[in-house]
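> One predicted model, sequence on top.
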Number of protein chains: 2
Amino acid sequence: MSKTARAYTNIALIKYWGKKNQTLKLPYTNSLSLTLDRFYTDTKACVINNDQDIIYLNQTLLDQTQSQRIRNYLDTIRQMYSFNEHFQIDTVNHVPTSAGFASSASGFAALAAAINETKQLNLDKKQLSILARNGSGSASRSIYGGFVEWIAGSDNETSFAQPIETESEIDLTILSVVINKNVKKISSTVGMENSVKSSPFYPNWVTLVASEIKEIKQAIAKKDVQKIGEIAEHNAMSMHALTLSANPSFTYFEPETIKILQIIHELRQKGILAYATIDAGPNVKIICTKESLKQVQKYIEEQLSNVTCVVANIGSGIQYI
Amino acid sequence: MSKTARAYTNIALIKYWGKKNQTLKLPYTNSLSLTLDRFYTDTKACVINNDQDIIYLNQTLLDQTQSQRIRNYLDTIRQMYSFNEHFQIDTVNHVPTSAGFASSASGFAALAAAINETKQLNLDKKQLSILARNGSGSASRSIYGGFVEWIAGSDNETSFAQPIETESEIDLTILSVVINKNVKKISSTVGMENSVKSSPFYPNWVTLVASEIKEIKQAIAKKDVQKIGEIAEHNAMSMHALTLSANPSFTYFEPETIKILQIIHELRQKGILAYATIDAGPNVKIICTKESLKQVQKYIEEQLSNVTCVVANIGSGIQYI
């Protein structure tokens, strides 16, 4: 019996925003993330004697439409590794929507690892990262724990993530502040496509990311959480500047997003370490230290009634259980 | 007795955001505005036998600190036109804070015109625009009515505004939506300085403005209010992208600003003409037609309780009364 693959979510501190190749999911820039310990996807794949894949998500059978993206991905894997078998996939997602994290990173990383396990492809981590990237760009980073850099590369073989080694633990915690309301979402795929096509600022984003990746790696090496926070916040806000300056302009911000950003500024004025990062949605993830976390959470919960706070720490890479 | 000079406020459809010369207030780019009919400043200047200027604002004598910027400006004028007299200035501002418009544009335009009148400098409009610019950049545009372009220029003599002639009236109305709360403001001077210095996107802003000025002038010539709105909204959002991408990042947006932007998107989905422009503050000015104005105002007032709506139409240039 093959093992279940477990992959954790990750949060980008230097964002992935724009594909230079849609099919291969090759990004315009490197990106840099932190794998988190709290949210993960467990996936098991079994070869079946069938001409179609059968996909269960949280013990529910998905129909053709719901499973289209996963089945397309399995077709890609079959083509890449020249085999024909179909699979029954059992996926359990421990990334509740209410946590404000995307499940595609952990989902496609776990699926890539599950196929690797079942088909005994014996992929090394680099190859596994390439395979995961073909499912969802950010999944390439969830192969590794801790801080991870995804190298943009120029073709399928050169675009993969790799871990950033740190000598000892860094005192960094993520507080995810989730806005409790239904928000009509522009998918990150559509959002980044519109930014690349129509923001006059996109060419400078590419240059910015190159220098911020370099700077944040220096801050990580020094375990300078404040500097990590400063760079991550500026990078995230610059990504959102690409949506504002797209044509037509759009934003993922909700009124509550601005309110949380204002609170983070107030906290810093009080000398409490807190920096914001925001993905393709309205929720704010706050970079804290163990010391600042409690004060930040208390202040947020006092000031805002309609939000949920979720804490996550630095997590590990792919596991087989 | 010399006459009172009256100057109207203007709203930039293509924003002025960044000075290449702080002293002369020379901008990095051209900008383009619409003079409004509703808010204005009345200023009268009398030569006095005194070694200091005496400044009354709304019939209240200003102290040294309050009047510093105006007295510095009068020093500049004395130097430019080589005379020594001091003045009593009586200014009445009909630009209530609650209207959400800056008073510096109408204020410095009226003051420049009042000195021109009293000292019989016989300045033509171009010279008057140069003089007003030395007080406040956007004041250069309030010399003229209707649509006005401020040419960036390269020195004091070549940086001035000029009117954009239109054959007949354009059906365009501005609804200013003012958020009723005290907001700690970053001045536009500080905001633009930070953007120029630290936004990685600033160089592309300069290129963007050049092409959007060209496009909006074509739309004005065609009296295409929808196109004018589209360009103005994109330009304003791109200016705010320069604040988000400044380092450290900042924003003039309040939670209510995002709410109003969301409402404008909904209105457009209903086929109602409404486009946003936002200056260095949280209030939103909506570009409407006479037809759409009532629907827009009704919808905004239904959805938001804590705002004030103010309507303004196309206004005229400097008057002497």
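Cool, got the structure. Numbers count the residues shown, from 1 in each chain, chains lettered A, B, ... in the order given.
> Can you classify residue A:185 as helix, strand or coil?
coil (DSSP: H, G, I helix; E, B strand; the rest coil).
> That one touches residue A:281, doesn't it?
Yes - applying CB atoms under 8 Å, one finds residue A:185 in contact with residue A:281, separated by 6.2 Å. Using the backbone N, CA and C atoms, a C-beta is placed for each residue, glycine as well.
> for residue A:42, what are its contacts?
Shown in contact with residue A:42 (CB atoms under 8 Å, 6 or more residues apart in numbering or on different chains): A:4, A:5, A:6, A:91, A:92, A:94, A:110, A:321.
> Show me which pair in those is furthest apart.
Farthest apart among the contacts of residue A:42 by CB to CB are A:91 and A:321. That separation is 14.1 Å.
> quick one: residue A:43 and residue A:88 touch, right?
No - judged on CB under 8 Å, residue A:43 makes no contact with residue A:88 at a distance of 11.2 Å.
> Residue numbers of chain A in contact with chain B?
A:199-201, A:203-205, A:207-208, A:230, A:233-234, A:237-238, A:240-242, A:244-245, A:247-249, A:251, A:253-259, A:261 (CB under 8 Å from any CB of the partner chain).
> and those residues, which of them are in helices?
A:203-205, A:207-208, A:230, A:233-234, A:237-238, A:240-242, A:244, A:255-259, A:261 (DSSP state H).
> ok so, going back, chain B: which of the contacts of residue A:42 is nearest?
Proximity of the contacts of residue A:42 to chain B (CB to the nearest CB) peaks at residue A:94, which lies at 31.7 Å.
> which residues does residue A:227 contact?
Counting by CB under 8 Å, 6+ apart, residue A:227 touches A:215, A:216, A:219.
> Tell me the spatial nearest neighbour of the last one, not counting adjacent residues.
Right, the one you point to is residue A:219. residue A:227 (3.8 Å; CB to CB, 6 or more residues apart in numbering or on different chains).
> mind listing the helices for chain A?
With DSSP H as the criterion, chain A has helices spanning A:68-80, A:104-118, A:125-133, A:188-198, A:202-221, A:225-244, A:255-269, A:290-303.
> Mind putting these into a markdown table with mean pLDDT and distance to residue B:276?
Conversion of the helices of chain A to a markdown table gives the following (pLDDT from 0 to 100; distance: least, CB to CB, whole Å):
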| stretch | mean pLDDT | distance to residue B:276 |
| --- | --- | --- |
| helix A:68-80 | 97 | 35 |
| helix A:104-118 | 97 | 32 |
| helix A:125-133 | 98 | 38 |
| helix A:188-198 | 96 | 17 |
| helix A:202-221 | 98 | 22 |
| helix A:225-244 | 98 | 11 |
| helix A:255-269 | 97 | 15 |
| helix A:290-303 | 96 | 27 |
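> Just name the most buried of those.
Of all those, helix A:104-118 carries the top mean neighbour count, a mean of 28, counting by mean count of other CB atoms under 10 Å in any protein chain shown.
> Can you check what angle separates that helix from helix A:188-198?
In terms of direction (axes from the mean of the first three to the mean of the last three CA atoms, to 10 degrees), helix A:104-118 departs from helix A:188-198 by 120 degrees.
> which other helices and strands contact helix A:104-118?
Counting contacts by 3 or more CB pairs under 8 Å, 6 or more residues apart in numbering or on different chains; DSSP states H and E, helix A:104-118 packs against strand A:5-14, strand A:31-48, helix A:68-80, strand A:86-94, helix A:125-133.
> still on that earlier bit, with neighbour numbers in mind, choose between residue A:91 and residue A:321.
residue A:91 (24 against 8; other CB atoms under 10 Å in any protein chain shown).
> How much space separates the nearest residue to that one once chain neighbours are set aside from chain B?
In space, residue A:91 comes closest to residue A:43 once its chain neighbours are excluded; the distance is 4.6 Å by CB to CB, 6+ apart. Distance from residue A:43 to chain B, counting by CB to the nearest CB, to the nearest Å: 37 Å.
> tell me the contacts of residue A:43?
A:4-7, A:89-92, A:107, A:110-111, A:113-114.
> Which strand residues bridge it?
Partner residues in beta bridges with residue A:43, using DSSP bridges, are residue A:5, residue A:91.
> measure it to residue A:67 for me?
Taking CB to CB, to the nearest Å as the measure, residue A:43 falls 13 Å from residue A:67.
> Likewise for residue A:241?
Distance of residue A:241 to residue A:67, given as CB to CB: 36 Å.
> okay, now the closest residue to chain B within the stretch 51-200 of chain A: neighbour count?
The stretch 51-200 of chain A approaches chain B most closely through residue A:200 (4.4 Å), counting by CB to the nearest CB. Look at residue A:200: counted by other CB under 10 Å, it has 21 neighbours.
> Now it. Its backbone dihedrals?
phi -70, psi -10 (degrees, to the nearest 10).
> Confirm for me that it is in contact with residue A:246.
No - using CB under 8 Å as the test, residue A:200 is too far from residue A:246 to be in contact (9.3 Å).
> State the number of residues packed around residue A:286.
Residue A:286 - counted by other CB under 10 Å - has 27 other residues nearby.
> Which residue comes closest to it once chain neighbours are left out?
Closest to residue A:286 by CB to CB, 6+ apart is residue A:175, at 4.4 Å.
> Tell me who's in contact with that neighbour.
Going by CB under 8 Å, 6+ apart, residue A:175 touches A:285, A:286, A:288, A:293, A:296, A:297, A:300, A:309, A:310, A:311.
> Quick one: residues contacting the fourth one.
Contacts for residue A:293 were tallied using CB under 8 Å, 6+ apart; they are A:173, A:175, A:311.
> ok, how many other residues are close to residue A:167?
7.
> most distant residue from the middle of chain A?
Using CA atoms, centre = their mean, the residue of chain A lying farthest from its centre is residue A:49. It sits 33.9 Å away.
> re earlier: return every residue with contacts to both of residue A:185 and residue A:281.
Common neighbours of residue A:185 and residue A:281, using CB under 8 Å, 6+ apart, are residue A:252.
> between the two, which one's more packed in?
Neighbours per residue, other CB under 10 Å: of residue A:185 and residue A:281, the larger number sits with residue A:281, 21 against 12.
> got the buried residues for stretch A:164-181?
Across stretch A:164-181, burial judged by 16 or more other CB atoms under 10 Å in any protein chain shown covers A:164, A:170, A:172, A:173, A:174, A:175, A:176, A:177, A:178, A:179.
> any chance of the residues you listed in JSON lines, with pLDDT too?
Putting these into JSON lines (pLDDT from 0 to 100) gives the following:
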{"residue": "A:164", "pLDDT": "97"}
{"residue": "A:170", "pLDDT": "94"}
{"residue": "A:172", "pLDDT": "97"}
{"residue": "A:173", "pLDDT": "97"}
{"residue": "A:174", "pLDDT": "97"}
{"residue": "A:175", "pLDDT": "97"}
{"residue": "A:176", "pLDDT": "95"}
{"residue": "A:177", "pLDDT": "95"}
{"residue": "A:178", "pLDDT": "93"}
{"residue": "A:179", "pLDDT": "92"}
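> Distance check, residue A:223 against chain B.
From residue A:223 to chain B the distance is 21 Å (CB to the nearest CB).
> and that residue, what does it touch?
By CB under 8 Å, 6+ apart, the contact set of residue A:223 is A:166, A:168, A:170, A:171.
> any idea which of those residues is least confident?
Across the set of the contacts of residue A:223, residue A:168 stands lowest in pLDDT, at 82.
> Show me how chain A divides into domains.
Per automatic domain parsing, the structural domains of chain A span A:5-167, A:173-312.
> what about those domains, which gets the closest to residue B:153?
domain A:173-312 (23.3 Å).
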